[in-house]
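Undergrad: Predicted model and sequence follow; I will ask about them next.
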Amino acid sequence: MSKLFRAVIMGPPGSGKGTISERIAHNFGLKHLSSGDFVRENISAKTEAGVLAKTYIKKGLLVPDHVMTRLLLPRLVEMTKYSWLLDGFPRTLAQAEALNSACDLDIAINLNIPLETLKERLRHRWIHPASGRVYNMCFNPPRVQEIDDITGEPLIQQEDDRPEALVARLRHYKDVAKPVIDFYKAKGILYTYSDTETDQIWPNICTLLSTRIPTIQSDARCASTP
Ligand SMILES: Nc1ccn([C@H]2C[C@H](O)[C@@H](COP(=O)(O)OP(=O)(O)OP(=O)(O)O)O2)c(=O)n1
Ligand SMILES: Nc1nc2c(ncn2[C@@H]2O[C@H](COP(=O)(O)OP(=O)(O)O)[C@@H](O)[C@H]2O)c(=O)[nH]1
């Protein structure tokens, strides 16, 4: 069996974690594990961790480390046979340390996108709340305006994607992410990408992964479209 591959993807809200994760999952056959989706599933299923998580998210707060870790690490245990990419976790140093004691990561992708670009993207971000599917009215619009392509259900815009909310979210992100970035830098597995366009970043990530995941043929994979 080929070696399993484990990666995390980090970046501020709107940096393209979800978009790039989907492309990586599609092109390299990794499982895309979205911590936000896990949180939402636990909230819907009313698990103990989900009920607790909801009390924080309702107030616009991050879920405390011990709750996030309790929610997430068991899911990784279920994934021992698969290669995966974790999106949205770790957000704090404590989460990075918990993850580090559970498994060895191959790479940490860090997206570094200018504030103005983030604001602009999130202004146009529309979400299908039930599935977490993400659209952008300029970059990847739905076929019918404000309607999910797959289910035909309405799309929504999130309160905290408003530009006023973003500045506070971003400040908070920078504070908590810095030690995580330093942690992965010290381990020698950090890969930072800075640009205003996902389509510019994507070929570089694709090239990196092509050298690190040799079992899958690369060929035409690094084109911009998934
Ligand atoms: N490590 C994590 C991951 C998630 N959450 C919580 C807070 C988020 O509000 C919610 C949903 O997570 P998402 O990653 O889907 O959502 P965001 O909107 O925060 O992230 P982004 O805008 O970066 O996609 O789960 C958390 O507290 N800690
Ligand atoms: N204009 C533009 N929008 C993008 C680009 N990349 C991603 N998006 C959109 O920007 C928003 C944020 O991307 P998303 O992947 O949700 O970022 P995340 O918050 O880091 O997971 C979404 O609406 C995406 O469709 C890009 O290169 N240009």
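TA: Okay, I see it. Ligands and ions are numbered 1, 2, ... in the order given.
Undergrad: which regions of the chain lie under the pLDDT threshold?
TA: 1-2, 214-226 (pLDDT under 70).
Undergrad: Enumerate the residues of it near ligand 2.
TA: Contacts of the chain with ligand 2, taken as CB under 6 Å from any ligand atom, map to 11, 13-19, 121, 125, 134-136, 138-140, 197-199. For glycine as for every other residue, the C-beta is placed from the backbone atoms N, C-alpha and C.
Undergrad: Report the contact partners of whichever residue of the chain sits closest to ligand 1.
TA: Closest residue of the chain to ligand 1, CB to the nearest ligand atom: residue 36 (1.9 Å). The contact partners of residue 36, taken as CB atoms under 8 Å, 6 or more residues apart in numbering, are 87-88, 132.
Undergrad: State the distance from it to residue 82.
TA: Distance from residue 36 to residue 82, counting by CB to CB, to the nearest Å: 19 Å.
Undergrad: Where does the residue of the chain closest to ligand 1 fall, secondary structure wise?
TA: Using DSSP states H and E, residue 36 sits in helix 35-44.
Undergrad: Checking the longest helix that the chain contains against ligand 1, do any of its residues make contact.
TA: Ranked by residue count under DSSP state H, the longest helix found in the chain is helix 163-187. No - taking CB under 6 Å from any ligand atom as the criterion, helix 163-187 and ligand 1 are apart, separated by no less than 7.4 Å.
Undergrad: How about the residues of this structure by ligand 1?
TA: Residues of the chain lying near ligand 1 (CB under 6 Å from any ligand atom): 13-14, 17-18, 35-36, 39, 57, 62-63, 68, 88-89, 91, 95.
Undergrad: Helix or strand next in line after the helix holding residue 36, which one?
TA: As assigned by DSSP H and E, the chain's next helix or strand after helix 35-44 is helix 48-57.
Undergrad: Buried residues, that next one. List them.
TA: Residues of helix 48-57 classed as buried: 49-50, 52-54 (neighbour count, 16 or more other CB atoms under 10 Å).
Undergrad: all strands for this protein, in order.
TA: With strands called from DSSP state E, the chain shows them at 6-10, 31-34, 84-87, 107-112, 125-128, 133-136, 190-194.
Undergrad: could the ones you listed go into CSV alongside mean neighbour count and distance to residue 178?
TA: Converted to CSV, the strands of the chain look like this (neighbours: other CB atoms under 10 Å; distance: least, CB to CB, whole Å):
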stretch, mean neighbour count, distance to residue 178
strand 6-10, 24, 11
strand 31-34, 18, 23
strand 84-87, 24, 19
strand 107-112, 21, 11
strand 125-128, 19, 25
strand 133-136, 18, 26
strand 190-194, 16, 12
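Undergrad: any chance of the ones you listed in JSON lines, with distance to residue 171 too?
TA: What follows is those, written out as JSON lines (distance: least, CB to CB, whole Å):
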{"stretch": "strand 6-10", "distance to residue 171": "16"}
{"stretch": "strand 31-34", "distance to residue 171": "23"}
{"stretch": "strand 84-87", "distance to residue 171": "21"}
{"stretch": "strand 107-112", "distance to residue 171": "16"}
{"stretch": "strand 125-128", "distance to residue 171": "19"}
{"stretch": "strand 133-136", "distance to residue 171": "23"}
{"stretch": "strand 190-194", "distance to residue 171": "19"}
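Undergrad: now the residue nearest to the spatial centre of the chain, which residues is it bridged with?
TA: For the chain, the residue nearest the mean C-alpha position is residue 87 (2.9 Å; CA atoms, centre = their mean). Assessed by DSSP bridges, residue 87 has beta-bridge partners residue 9, residue 34.
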